[in-house]
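Peer 1: Need coordinates for the below:
(2 chains)
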Amino acid sequence: MATPDVTMDGRRKLLMDRSVPGRMGTTLPPLDVPAQPLPSKGLLRDDLPMPEVSESELVRYFSQISQFNFSIDHNFYPLGSCTMKYNPKVNDEMAGMPGMAEIHPNQPPETVQGALKLMHRLQGYLAEATGMAGASLAPMAGAEGELTGLLMARAYHLSRGDAKRKKVLIPDSAHGTNPASAAMAGFQVLALPTDTNGNTDAEALKASVGDDLAAFMITQPSTLGLFDANLLELVHIVREAGGIVYGDGANLNALLGRVKLGDLGFDVVHSNLHKTFTQPHGGGGPGAGAVMVSRRLLPFLPTPLVEQRKGPDGKEQYVLATPPKTIGKMGAFHGNFGALVRAYSYIRTLGDAGVAEVSRDAVINANYILSQLKGHYDLPYDRRCMHEAVFSARNLRHKHGVSALDVAKRLIDYGVHPPTMYFPLIVEEALMIEPTETESKETLDQFIATMKAIAREAAENPKLLHDAPHNTPNTRLDEARAARQPDLRWRKA
Amino acid sequence: MESHGFTSPYTPNTDAERSEMLNAIGAGSVDELFKDIPQQHRNPKLNLPPPLSELELRRDIEALARMNAVPGDYACFLGGGAYRHHVPAVVRQLVSRSEFMTSYTPYQPEVSQGTLQAHFEFQSLICQLTGMEVANAGMYDGATSLAEGCLMAARVTKRNKVMVLDTVSPAYRAVVKTFVEAPQLEEIVVAPAQANPTNEFACVVVQQPNFFGYLEDVEALARRTHSVGALLVVAVDLVSLGMFKPPGEYGADIVVGEGQSLGVAPTFGGPYVGIFACKEQYIRQMPGRIVGRTVDTRGRTGYVLTLQTREQHIRRERATSNICTSVGLIALMATIYMAANGRRGLRHVAELCYHKAHYAASLVSKIPGYSLPAQGTFFREFVIQCPRPPAEINRKLLERRIIGGLDVSDRYPNGMLLCCTEVNSREEIETLAKALAEVGKA
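Peer 2: Down below sits the predicted model:
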């Protein structure tokens, strides 16, 4: 039997090519007020070249293409530093409640007391979990949280008349957002080396600090999955030099209930609520990047904050407030409220008893994988890890010509989402594996067996790995062509 | 009855499995795994409330929700940057699919074609709607999209002044200020009549229709802007494009906007999606994710994230923006909304807004003590001048289960910005007019 021509796959047909004049995908009410005079024709558009599809076609189309995706509900997703944990269903229902989803951001505060109370509590929970003095829920993603924290560092120094602090120090294992955010905040970036044990090189830090130091940004645990053994010393060096200590909380999942970064002398910690606090990733957002700060940075928080006051009637009252030396607004309104409702629901579900179980199981799961795959894959930093284990496929590369990319793509054939690859940049052929606490031992055992099988396949049949994945809607895609000849939108054939 | 200690439903492993795993790891205890954390700071007490069951959580959130006055239960005439529109059921149903909702940013194209193809659709439909050549896959919201647009204009022109009309949303202007100060750019706010940029300006920013709902003379502004080599940045209302001329037709170089009105509930301000489109010649300076079409090793069409050398994970401190996690799912909502309404529906929604707003304006203008202080063509929002402070009027409207308009008395004496969309029925509009007449009396 002849194979059907895959280029004719109807699922790949775009909306504009599906459009048939006269079709309609929804119903709309008729005009129920007297028609009003229209403006002059010159202001109006002649043509509205948008698709016309029926509702049933629309549902089939998007349902079909959705099935091209791997997702946390369908697949194990050990994507390092991305914390792809299970997203509780109840949280979505809470955020979708009309009393939460339908309220308008410009409503007067007295008409949204429930929303403000939720935000006020969440500010408190996040400050408590990180040991900080206050929190802003305004930033709409982790990277925006970073920018917020760095703008506060800038404002802090300027408020003291200290305009020469222009330098931000960032370990070379950091996410790319750290240096990018520092540049957006107007700072010069200097990368710090990682020592042979996977800690930030304290000597290099000491040699780099001076009266031009604005801030030191460090991710804990680092993207190597390691808690820095010198952390207290690093913090001390920075504080002595008059710098702000910034904690990137991308990996906060490992620390919940285990340590409060505020206790260690941190000034800013941001948390990606779409990682640690279960806001679903949504194929690339929305997220939220709450920022927690120490006492000395409180006056600089972005506006608005939610504050509790006693009303004229003596009752509790929640208001939107502007801190005295605020860096300003980070978005049009009050942050990604829908994500905040989910984070609130998650924290309330776990409560004081459950929060530390998150870090416990996240760290056990990662170390279990580390212990079982050691010897099968290279381990560049041979010590216990926190929430993620960073291996290297360099042994496979040198012996069999098989890369981290090949291993990752072969995992897809087994129904597992690839780990983060080639990151952190300081690890050759990196495979960064973060199982999270929401995976069972059975899933981990299966994954471990799969990884071992792939290491065997690399030796026996490397081509199988080079050609992987085999059963996806597309085999490997030509990314060079995409960048060289950008084809970024539908065009009439 | 057997009493249960707390067991999280989200962590499957049991005590027995944990000890088995600790044995395999070679660790004597859980605490041993955390020993890199300084001991004096390890395992701090967390002052959080006790766990809630799902039933208790639901009651807690319901109690909070009851403390809100919810549009729908109340007639609501608020706009000013977020808008109430009917969201077809297909939008929520489709974005609730796990495959869309619980997947990551599509770095692995072979297992992300659903998200990538949907984002390509989004980029395509935004281009169709705005008349622009290219669009990215979305920014956080309209305000940050505008701020990034200003930074981009500065990169393109290598100039450091940004002119923003004072009829642009105050929230947008504030966000621009936050973003441009640190990189040493200057935001200069001027009245539309004074918008005469010189060759020091990177761009001129106009909102269309402006914050008060009225159309600006964008064509004249485009000429003045381009004559000094600056870029025209237009913050456009996407729903208005169902009937009004798109920015691509009057020379916009960069188009930004708030995508919330395309199928996203107001949600107390977010998550929304910022629209970002521009002329093709500037794509390598564009911030955000961009999806491109390409082929796989067997020659089949497929999609990938592209032009990634602009982005932070490749270029680090030299990236065009720090943006990483964005708002993929909200962009998908807007895509499905645009497709469900389609050519006829988008026009119909725009016209319903237009006629209802104008009907409401005609009723209010006839009430003694009220007037329309602004001139010109408006879309779905307009300013009324009240006989007394809008805050006072609004308090009284609230007693009649009406959430009135936004107080803009800082700009127009006793000014209130009213908004009507297709969700405001004729009955609601007439009730509002009656109520305004009553509460306007001293």
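
Peer 1: correct me, but residue A:154 touches residue A:214?
Peer 2: Yes. Between residue A:154 and residue A:214 there is a contact under Cβ atoms under 8 Å: 6.7 Å. Just so you know, the C-beta spots here come from the backbone N, C-alpha and C atoms, and that holds for glycine as well.

Peer 1: Give me the common contacts of those two.
Peer 2: Common neighbours of residue A:154 and residue A:214 are listed as residue A:187 (criterion: Cβ atoms under 8 Å, 6 or more residues apart in numbering or on different chains).

Peer 1: which parts of stretch B:304-320 are buried?
Peer 2: B:304-308, B:310-313, B:315-317, B:319-320 (16 or more other Cβ atoms under 10 Å in any protein chain shown).

Peer 1: try stretch B:50-57
Peer 2: Those buried within stretch B:50-57 under the rule 16+ other Cβ under 10 Å are B:51, B:52, B:57.

Peer 1: any idea how far chain A is from the last one?
Peer 2: In this structure, residue B:57 lies at 6 Å from chain A, with Cβ to the nearest Cβ, to the nearest Å as the measure.

Peer 1: Packing partners of the strand or helix carrying that residue?
Peer 2: Residue B:57 belongs to helix B:54-66 when assigned by DSSP states H and E. On a contact count with 3 or more Cβ pairs under 8 Å, 6 or more residues apart in numbering or on different chains; DSSP states H and E, helix B:54-66 meets helix A:89-96, helix A:98-101, helix A:113-130, helix A:337-373.

Peer 1: Redo these as CSV? Include distance to chain B.
Peer 2: Shown next, in CSV, are these (distance: least, Cβ to the nearest Cβ, whole Å):
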stretch, distance to chain B
helix A:89-96, 5
helix A:98-101, 3
helix A:113-130, 3
helix A:337-373, 3
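
Peer 1: closest one to residue A:292 among these?
Peer 2: Comparing those against residue A:292 with Cβ to Cβ, the closest turns out to be helix A:113-130 (4.6 Å).

Peer 1: partner strands of the very next helix or strand once past that closest one, parallel or antiparallel?
Peer 2: Following helix A:113-130 in sequence order, the next helix or strand is strand A:134-136 (DSSP H and E). If you go by DSSP bridges, strand A:134-136 pairs up with strand A:289-293 (antiparallel).

Peer 1: any low-confidence regions in the chain?
Peer 2: The chain I'm using is chain A. By pLDDT under 70, the weakly predicted segments of chain A are A:1-8.

Peer 1: not what I meant, chain B
Peer 2: In chain B (pLDDT under 70), the answer is B:1-4, B:442.

Peer 1: In it, which strand is the longest?
Peer 2: Secondary structure of chain B read by DSSP state E shows that its longest strand is strand B:201-208.

Peer 1: Is that strand positioned near chain A?
Peer 2: No. Counting by Cβ under 8 Å from any Cβ of the partner chain, chain A has no neighbours in strand B:201-208; the shortest distance is 10.4 Å.

Peer 1: who does that strand touch, helix- and strand-wise?
Peer 2: With contacts defined as 3+ Cβ pairs under 8 Å, 6+ apart, strand B:201-208 has these neighbours: helix B:142-157, strand B:161-165, helix B:218-227, strand B:231-236.

Peer 1: and the ones you listed as TSV, adding distance to residue B:411 and mean neighbour count?
Peer 2: TSV is the format used below for those (distance: least, Cβ to Cβ, whole Å; neighbours: other Cβ atoms under 10 Å in any protein chain shown):
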stretch	distance to residue B:411	mean neighbour count
helix B:142-157	18	26
strand B:161-165	13	24
helix B:218-227	20	17
strand B:231-236	17	28
